[in-house]
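*Asks:* Here is a sequence together with a model predicted from it:
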Amino acid sequence: MISYLKEILAHVPADYAELRYHERRVNAVSVRKGEPEAAQTNHLTGVGVRLLDSGRWGFSSTPGSKRADIMRAIGDAATAAKAMSKRKKTLAKAKLAKGEFRPPVEDPVENHPLEEKLGLVKEAEAKARRSKKVVSASSAYIEYLDKKAIVTSDGAAALITDAKPEFRITVVAKEETNMVTASESAGVTGGWKDLWRYGAAEEIVEKAVKRAQRLLSAEFPKGERMKVILSPEMVGLIAHEAIGHTVEADFVLSGAITKGKIGKRVASELVTLADSGPSVHIPGASGTLLVDDEGVMTERTVVIENGILRSYLHNRESAASFGVAPTGNSRAFEYSDEPIIRMRNTYIEPGEMSLSELLASTDRAFLLEGAGGGQADANAEFMFGVQEATLIEKGKRKKTFRGVTISGNAFEVLQSVDAITKEFRWALGAGYCGKFQRAKVDAGGAYVRCEAIIGGRHG
Amino acid sequence: MAELVDRLEELVRCALAKGADQAEAFGQGFEDREVWLESNRIKTAKSHPGEGIGLRVIKNKRLGFASDNNLDEANFDELCTKALALASANLTDKFQIIPEPRKLSALKGLYDPKLAELPLKEVIAMAKRLLKAAKDYDRRVTVDSGGVFVNTGEKAIFNSNGLAASEQESSIIAMIMGMARDKNEVSSFDFQFDGSLRLTGIEIESLAKRFAQNVIRSLGAKPVRSFTGTVLFSPHAVAETLLGPILSSINANNVQKGMSKLAGKTGKRIASTKLTIQDDGLLAGGLSSSAFDREGQPHRKLSIIKDGKLATYLYNSYTANREGRTSTGHAAGNYSSLPGISTTNLILKPGDATKAELIREIKEGILVTRFSGNTNPVSGDFSGTVKGGFYIKNGKLANPVTNTMIAGNVFDAITTISGISKKLTKVYSYLLPYIAIERVSVTSG
């Protein structure tokens, strides 16, 4: 495929051109309340074409990889570019990828038959429903098997193969008219063994069931500003949604709050936050990306180092306009998507303290667990749902609360960090990020104690 | 046009020849033209063709599904083999069904040849007009993102019961999102949308103006006091806050699988008598209008909630078969997914007051232009931040608000509706009014 694409690329008249072949197979099985819901396989192949002509980008794509179709897409991309206004635009020099790339895999998912995956999902769902007060449950297993070939006119030529399996369970518990849900998931870049790194399917189910049962008798909290202990999934959610997006260079250029803050203090000195292509600390983070979709080698990008803002996340174009090296953050979800600046695995570095020490030293705080939905703005103001909040008083776990939200300005929250544990995990492996198109990302970190606004109900 | 159906028929025959008891193929072919705005500029323009085919098979009461983004007949053999392999690995489910053909009405006006012929250059020109109109309204307006998107294409379905149908379709959509900046102040985000099946149906300048007005008006926001009072939801906020749990809970699949609070409630009062919600897949000019659904079943006009009473759930063939009834024509999805369930064009019946009259009735409350937060589709709990909100005092808009949150439960909220506007606004495939709801918890400060 590489030499085939290279040969076609040689005939493209543009300042810069890039061909990206992508073959993807998605296999999914799911069961809801004892019945099969989906057993499906989706296959797609296509080529995305991007070129730069006198500072004007043009993009097009074609399903399949026939020469005539790719040539047609090149023509369309050239036409699109010509319809735009000319601008001065350059691409930063980059460490371009050449050769074959595969993230580490323990026990490839392809070695496990579909029957086994379906059996696992069926048993997980049934186990959940055998539990007290659980009236319904659903469980799913999904795997993405990807193959990409990326060639650029300035020399990238990379063949990338990876697999991203994920597992999820949602539990509905009911008592009279009171109905609550809890969900848990796992997702990695890697193999079958990697997927169960943090616990077997039955342990994941058990966690969701226990949470739903606790939530049934939980109360709604009063809203107030207070100390919170963020679990790795909440740390990951804030690191990605509320900090990460504000340091994506395209958002910085459109006026995000981090503009002009490189070298300045933006967080407590305990905080080091990074976005990494390779999986660090623990292998298999689901956003693992060795080569980005511009053919650039990825790296661990330190965004905040001991509280000081050090770097934005770049593609080749933004890197050129900031006069820095690209960070390998240019990504496209499918062949028909153009590469844009996206995160990979975003996290806060672990500290020295153990979780039990952190809890013991806490006078009064909410321990927040289970990421819910929410939103963040370009000014780092965020508001997220939390599945479960446990009141910690004098180091002891007290009451459980539901319907909790956490909000604030993410940088103010990070300024207030006073403790970080050494326990670290990737926590959002089954997560996707939506920014015009989807991307498989991961996020996580250690347990972090800080201050935020807890939302509840009053009156 | 006939060609796509012919290919689907061939795929269905292939599946039957390989041992499927029943089979259904759904195909699409389309051409997308997209122009994106970013940071007050045109970011990219692109056009690309796309296509795809999805095959659903049932064998020994077991379901299998396979799709490919390539209509090439060379893929058919593998597609059939894959779908059948999935079916043989799957669990038995006696309710699996491929539906019989039913009479479809011929729907006009779904396809505008002017959109099919519209060159990318013209789409770029429209995006420029959108940007200019927003910036011209007030220099403090910042367009963060948005764009103009044109889609034209065809879809077709063929199944082993002899069902065959196809349709050409087109649409144009424009979106704009951003804020106003005044010195050090940044206003709330706003997002506005317009869409049409016809080129002439879209109003670029008035879209830009709605957006610009909203962000400028929300400058100078301040917190108010916490209270329990009336919240007036804008059409966008109705979509973001109230609709999700209702739509999730009238989905027959969720009802049957114990994930709906509205289970067992048909024929019963679930909301204020002011609330009537209809779905009409045949609505003239509706963005989701089509003669048939994802399974080739006829669309129609249907009351979901009538005068506060729950009239029906929404069914596809599978969920209908479980209850021995026929599908309501709400199978949804594209070629790459199994038929799910969704509304088509949803219409919330208008009330008799103007927006100004609704505000005049409110002693103390909040106008919520947009809602940014968390809504649980099953429990109906919502809590989140008010965006572009206004404090209402003694029947008047007092000031824009910031740092203000609302919380409650959707299923409780729809029982305390005190007013509905007579004007409806298009929000995606929904036609929605302003809705005033009593006794909502507002936290501010």
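*Replies:* Yes, it's here.
*Asks:* Domain map for the chain?
*Replies:* No chain was given, so I picked chain A. Domains of chain A are assigned by automatic domain parsing as A:2-216, A:224-455.
*Asks:* try again with chain B
*Replies:* Per automatic domain parsing, the structural domains of chain B span B:2-217, B:227-241+B:350-444.
*Asks:* deepest of the domains of chain A, which one?
*Replies:* Highest mean neighbour count of the domains of chain A: domain A:224-455, a mean of 22 (counted as mean count of other C-beta atoms under 10 Å in any protein chain shown). Glycine gets a C-beta too; all of them are placed from N, C-alpha and C.
*Asks:* follow-up on the earlier one: buried deepest among the domains of chain B, which one?
*Replies:* Per-stretch averages of neighbours, counted by mean count of other C-beta under 10 Å, single out domain B:227-241+B:350-444 among the domains of chain B, with a mean of 21.
*Asks:* what pLDDT, on average, does it get?
*Replies:* For domain B:227-241+B:350-444, mean pLDDT is 94.
*Asks:* Let's verify residue A:359: helix, strand, or coil?
*Replies:* Three-state assignment for residue A:359 (DSSP: H, G, I helix; E, B strand; the rest coil): helix.
*Asks:* check contacts around the closest residue to it other than its chain neighbours.
*Replies:* Sequence neighbours aside, residue A:395 is the residue nearest to residue A:359 in space, at 5.6 Å (criterion: C-beta to C-beta, 6 or more residues apart in numbering or on different chains). Residues in contact with residue A:395 (C-beta atoms under 8 Å, 6 or more residues apart in numbering or on different chains) are A:359-362.
*Asks:* 10 Å - rerun?
*Replies:* Residues near residue A:395 by C-beta atoms under 10 Å, 6 or more residues apart in numbering or on different chains: A:356-363.
*Asks:* do residue A:308 as well
*Replies:* Residue A:308 sits next to A:261-267, A:269, A:271-272, A:302 when contact means C-beta under 10 Å, 6+ apart.
*Asks:* For the residue in the stretch 101-250 of chain A that chain B sits nearest to, report the pLDDT, please.
*Replies:* Per C-beta to the nearest C-beta, residue A:136 is where the stretch 101-250 of chain A lies closest to chain B, at 3.2 Å. You'll see residue A:136 listed with a pLDDT of 94.
*Asks:* again, but for residue A:379
*Replies:* pLDDT, residue A:379: 78.
*Asks:* Quick one: name whatever helix or strand follows the least confident helix or strand in chain A by mean pLDDT.
*Replies:* The weakest-scoring helix or strand in chain A, judged by mean pLDDT, DSSP states H and E, is strand A:432-435 (a mean of 77). Sequence order places strand A:437-440 as the next helix or strand after strand A:432-435, per DSSP states H and E.
*Asks:* Quick one: low-confidence residue ranges for chain A.
*Replies:* The model of chain A has pLDDT under 70 over residues A:456-459.
*Asks:* Does the helix or strand encompassing residue A:320 reach chain B?
*Replies:* Secondary structure assignment for residue A:320, by DSSP H and E: helix A:316-322. No. Judged by C-beta under 10 Å from any C-beta of the partner chain, helix A:316-322 and chain B are separated, with a smallest distance of 11.0 Å.
*Asks:* same deal with stretch A:229-245?
*Replies:* No. Against chain B, stretch A:229-245 shows no contacts by C-beta under 10 Å from any C-beta, the least distance being 11.8 Å.
*Asks:* Ends of stretch A:191-210, what's the gap?
*Replies:* For stretch A:191-210, the first-to-last residue distance is 28 Å (C-alpha to C-alpha, to the nearest Å).
*Asks:* So which bits of the stretch 101-250 of chain B are right by chain A?
*Replies:* Remark: the part of the stretch 101-250 of chain B in contact with chain A comprises B:119-125, B:128, B:142-145, B:147, B:178-179, B:181, B:186, B:188-189, B:226-229, using C-beta under 10 Å from any C-beta.
*Asks:* Among the contacts of residue A:308, which one lies nearest to chain B?
*Replies:* When those are compared against chain B (criterion: C-beta to the nearest C-beta), the nearest one is residue A:261, at 14.8 Å.
*Asks:* Fine by me, we can end here.
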